[in-house]
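Colleague: Based on what follows, work out the 3D shape:
(chains A and B)
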There are 2 protein chains.
Amino acid sequence: MKRIIKKIFPKSRSNEDGIFFGKIEKIIGFKPVTLLFYQKAFTHRSANRTDDNGNPLNYERLEFLGDAMLSSVIAAHLYNKVPTGDEGYLTKMRSKIVSREHLNELGRDLNLVAMVDSKVPISNFGENIHGNIFEALVGAIFLDKGYAFCEKFINKKVIIPYVDIAKLEGKVISYKSLLIEWCQKEKRTFHYEVFDDNGNDGQRFFGVKLSIDDKVVAKARATSKKKAEEIASKRAYFAFQEKINTK
Amino acid sequence: MKRIIKKIFPKSRSNEDGIFFGKIEKIIGFKPVTLLFYQKAFTHRSANRTDDNGNPLNYERLEFLGDAMLSSVIAAHLYNKVPTGDEGYLTKMRSKIVSREHLNELGRDLNLVAMVDSKVPISNFGENIHGNIFEALVGAIFLDKGYAFCEKFINKKVIIPYVDIAKLEGKVISYKSLLIEWCQKEKRTFHYEVFDDNGNDGQRFFGVKLSIDDKVVAKARATSKKKAEEIASKRAYFAFQEKINTK
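Modeller: Residues are numbered from 1 along each chain as shown, chains lettered A, B, ... in the order given. Model prediction:
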């Protein structure tokens, strides 16, 4: 009977699962199918969970999988993006993008630790937990939705906001200064409005609205004012570049 | 006008391209779409080729891409195949599978060097050329047909014939001895028939037909008799295991 009900309402889930589903959907940008993969991605070994077969249920194996997927998606992106770069260049650029430090930053900005199931206080984890959970999340997306969705997620969360060839090569130091320079040259006014933008998760976030000629052209949210301004500047800069190029 | 003709006969190609197309199709097991990717995969830097934009045209960048794809396909395979293996185990198993030595063996067995466009005699290349071209080929398949075909190719050419968890863990030394043991236990007769199986490419290959109770149950082709016997034994062993398990 239970099975029949499950068939009729295959998507019915507990309230707790429903909340988790909503949070995951918000982070990944599409509806997850199998919640278990994501639950695993957010379970620390200290929670001592096991699956139905008695195997440890935590994010460590997913980290391995996510790391591999990140590497290949970034490899393909660099291959296509930089046709002049040789093997050594591509390898170097990729290690900059998937560096421990960078992955920690990505995970921290998404505030993934707030969702971790653990018996140890989060403050005990150290910095690497952020990157580890981020990798595990990528692994979960791969298992749940396949390579194309993995690519989509990495594109949205890593490549678009953070991967910048010019910056990685050290040619551009700051998009904020690049944008200001451009505004001055084009005789346009600009204005950064910074405000507190805290979720209900206790971590401090900053929001930025960037206006050019009194019109909001880009928004961003990050863990520091400087970072939020930089992201908004980059978004605005590329939006204008595109406009100029398609004119 | 040329453009119109190209539109009407988009698949028309030169005789040389036609031969290359056939060879590639035979190796990868499906029809390639964009030959250029594969031509690149088989072009050594000594050929000094460049593309329309003046960028060097050789397999080195594709090697980087193929290496990443191999790593992620093997990672996903191991993740699913060994649910009890932790991160350290998975990492170790993957490095065994994608070791330089192993990749060289894979490339050598497919005799990929026979197709390489180079100004340097093939005998000057050293052993690593085999693995490098194999990686480049995987990269070309990814660009041409996407991740799923890449997975399919790696499954067929790497995982099914070569990846064997029990063997990688050192639990099984030889499938030939395992099969002989099984035949003796089950009171069955067995017979290995070895024959020369040379392509028209000059390299020596061996074919093996393995019969059990006078019926051919498995075939294999490899660069040594021992290897061909081992592959045929493994195929037969798993075919029988499956039969037993589904009874």
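
Colleague: Do a quick rundown of the strands in chain A.
Modeller: For chain A, strands defined by DSSP state E occupy the ranges A:190-196, A:206-212, A:215-222.

Colleague: Would stretch A:49-56 count as contacting chain B?
Modeller: Yes: Stretch A:49-56 is in contact with chain B by CB under 8 Å from any CB of the partner chain, via A:N53, A:N55, A:P56. (C-beta placed from N, C-alpha, C; glycine too.)

Colleague: And for stretch A:152-170?
Modeller: No: judged by CB under 8 Å from any CB, stretch A:152-170 and chain B are separated, with a smallest distance of 11.9 Å.

Colleague: Now that stretch: average pLDDT?
Modeller: For stretch A:152-170, mean pLDDT rounds to 85.

Colleague: which residues of chain A fall in helices?
Modeller: For chain A, the helices defined by DSSP state H cover A:2-8, A:15-28, A:35-41, A:60-81, A:87-97, A:100-109, A:128-145, A:147-154, A:160-162, A:165-168, A:175-185, A:225-246.

Colleague: Pick the most deeply packed of the ones you listed.
Modeller: Greatest average neighbour count among those goes to helix A:128-145 (a mean of 25), per mean count of other CB atoms under 10 Å in any protein chain shown.

Colleague: ok, back up a step: same list, the residues of stretch A:49-56 next to chain B, but as CSV with pLDDT, neighbour count and distance to A:V116 please.
Modeller: Listed next are these as CSV, based on pLDDT from 0 to 100; neighbours: other CB atoms under 10 Å in any protein chain shown; distance: CB to CB, whole Å:
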residue, pLDDT, neighbour count, distance to A:V116
A:N53, 85, 8, 23
A:N55, 86, 14, 20
A:P56, 86, 17, 16
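
Colleague: Out of those residues, which is nearest to A:I212?
Modeller: Closest approach between those and A:I212, by CB to CB: A:P56, at 52.3 Å.

Colleague: Pairing partners for that closest one in the sheet, please.
Modeller: Taking DSSP bridges as the rule, A:P56 bridges to A:T50.

Colleague: In chain A, what helix or strand scores lowest on average pLDDT?
Modeller: Lowest by mean pLDDT, DSSP states H and E among the helices and strands of chain A is helix A:2-8, with a mean of 47.

Colleague: re earlier: using JSON lines, lay out the helices of chain A together with distance to B:A232.
Modeller: Formatted as JSON lines, the helices of chain A follow (distance: least, CB to CB, whole Å):
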{"stretch": "helix A:2-8", "distance to B:A232": "45"}
{"stretch": "helix A:15-28", "distance to B:A232": "46"}
{"stretch": "helix A:35-41", "distance to B:A232": "38"}
{"stretch": "helix A:60-81", "distance to B:A232": "32"}
{"stretch": "helix A:87-97", "distance to B:A232": "37"}
{"stretch": "helix A:100-109", "distance to B:A232": "45"}
{"stretch": "helix A:128-145", "distance to B:A232": "34"}
{"stretch": "helix A:147-154", "distance to B:A232": "33"}
{"stretch": "helix A:160-162", "distance to B:A232": "50"}
{"stretch": "helix A:165-168", "distance to B:A232": "50"}
{"stretch": "helix A:175-185", "distance to B:A232": "60"}
{"stretch": "helix A:225-246", "distance to B:A232": "57"}
